[in-house]
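Visitor: sequence plus predicted model, see below.
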Amino acid sequence: MKTIVVICVVVMFIAFGIWITKDNYEKAVFKKLILFPRWFKYLGIVIFLVGAILPFELGLLYEGKNFLGLQIANMGLFLICFSKDKNEDEMINLVRLKSFYRSVISGFLFSAVLYAISVFSGNEGNYTSATELVMFILIVYLFNFYITKSRIRSEK
């Protein structure tokens, strides 16, 4: 069961990678971001929920941690973050860029603060795994993007 789920996740990552990087010469390079269709957002929500719940139900935990679920949940968050909005324009692209910038900065600060707390509390220093860091960055991106977007809409 584990190998089937892992193979499905790897195949989805490869397929999405090929799809997002294919050349489309009709569009100007700097005009629009290449994003997934809008319905991928709903697919991402389902994948995120499956990754958050299913490993606990099937007993797919490794040393008490949900590594497989984190990978699947990251895939769902990735699809949510990089799918089109209802109204895609230059302002939304700018909001996406600023949200991503803020989330990456806060992710690395989060990792550094956790490491510093671990060192100063007398432990040897626990590192934040890459999967946890990516999940934190994607979640902060989503919160920042939707809060900024709602503020812009409320000002109009």
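Guide: Here it is on my side, so go on.

Visitor: and the helices in this structure?
Guide: Assigned by DSSP state H, the chain shows helices spanning 2-21, 40-58, 67-81, 90-120, 130-155.

Visitor: now do the third one against helix 40-58, angle only.
Guide: Looking back up the chat, that one is helix 67-81. For helix 67-81 against helix 40-58, the angle by axes from the mean of the first three to the mean of the last three C-alpha atoms, to 10 degrees is 170 degrees.

Visitor: so which elements touch helix 67-81?
Guide: Where contact means 3 or more C-beta pairs under 8 Å, 6 or more residues apart in numbering; DSSP states H and E, helix 67-81 is packed against helix 2-21, helix 40-58, helix 130-155. For every residue, glycine as well, the C-beta is placed using N, CA and C.

Visitor: would JSON lines of the ones you listed with mean neighbour count and distance to Ala73 be doable?
Guide: Shown next, in JSON lines, are the helices and strands packed on helix 67-81 (neighbours: other C-beta atoms under 10 Å; distance: least, C-beta to C-beta, whole Å):
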{"stretch": "helix 2-21", "mean neighbour count": "11", "distance to Ala73": "11"}
{"stretch": "helix 40-58", "mean neighbour count": "16", "distance to Ala73": "4"}
{"stretch": "helix 130-155", "mean neighbour count": "15", "distance to Ala73": "7"}
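
Visitor: which of the ones you listed sits closest to Glu90?
Guide: Glu90 sits nearest to helix 130-155 of all the helices and strands packed on helix 67-81, at 12.3 Å, using C-beta to C-beta.
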